[in-house]
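A.B. asks: task: produce atomic coordinates for the following.
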Amino acid sequence: MGVARDMHPEQPLSFAEAINRTEFWLRQWQAGDMTAEALAQQLAGLLTSADGRRGFFVVALAGPGPLLDHPPTPIVEQLHRGGKAVVDLVVRNLAMGTAMAVEHQQQGHGEQAKGSLQVQRRAQALLTRLDPPIVRQRLDQLLAATEGHGADVAFLERWNYDAAQRQAIAQIARATRRNLA
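C.D. replies: Numbers count the residues shown, from 1 in each chain. Have a look, this model is predicted:
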């Protein structure tokens, strides 16, 4: 079935397939067997579907690989082309990483908190390199939700974020907004 999918790129990858491909490509890139330009070309296909985007960001934001610590220009350009869909996912990851860091810190789970803070740091840094008007608008939407208004209220409620988590999300959203170009 994998061969059939490769021959028919109009069929989007599943979430699991996107994770597997991202892990494979990032290992190749880290080993020097794939250029940043080639990785960006591969990424273009993942960004065409929600599962592809989600799979990429699960690996790139939360994984051990350094791609999003200092993303090469071709990667940033490709993510920039993803527009609102990419920005939306990165903002949600910023919120989730922040909220989970608070929860892990409250529970004394230092290693898990460290991982959540990595997601937060990478998402925040990436947002400052994407389309500022789109990022600003999306952060404003998230900020409104932390105050009980707008479309993201359901997102915050679905994950049961408490007052401390919502406050931390608001703080990181404001800080990220200040860092935009």
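A.B. asks: for this structure, what are the low-confidence residue spans?
C.D. replies: Scanning the chain for pLDDT under 70 picks out the ranges 1-10.
A.B. asks: what segments of this structure are helices?
C.D. replies: Ranges of helices within the chain are 2-7, 15-30, 36-46, 50-62, 73-81, 83-106, 110-127, 132-146, 153-158, 163-178, based on DSSP state H.
A.B. asks: elements contacting the second one?
C.D. replies: So the one you mean is helix 15-30. Judged by 3 or more C-beta pairs under 8 Å, 6 or more residues apart in numbering; DSSP states H and E, helix 15-30 is in contact with helix 36-46, helix 50-62. All C-beta spots, glycine's among them, are computed from the backbone N, C-alpha and C.
A.B. asks: in that helix, what counts as buried?
C.D. replies: By 16 or more other C-beta atoms under 10 Å, the buried positions in helix 15-30 come out as 15, 17-19, 21-23, 25-26, 29.
A.B. asks: wait, which of the residues you listed is closest to P74?
C.D. replies: W29 (10.8 Å; C-beta to C-beta).
A.B. asks: how about the closest one: what's its closest non-neighbour residue?
C.D. replies: Leaving aside its chain neighbours, W29 sits nearest to L39 (4.9 Å; criterion: C-beta to C-beta, 6 or more residues apart in numbering).
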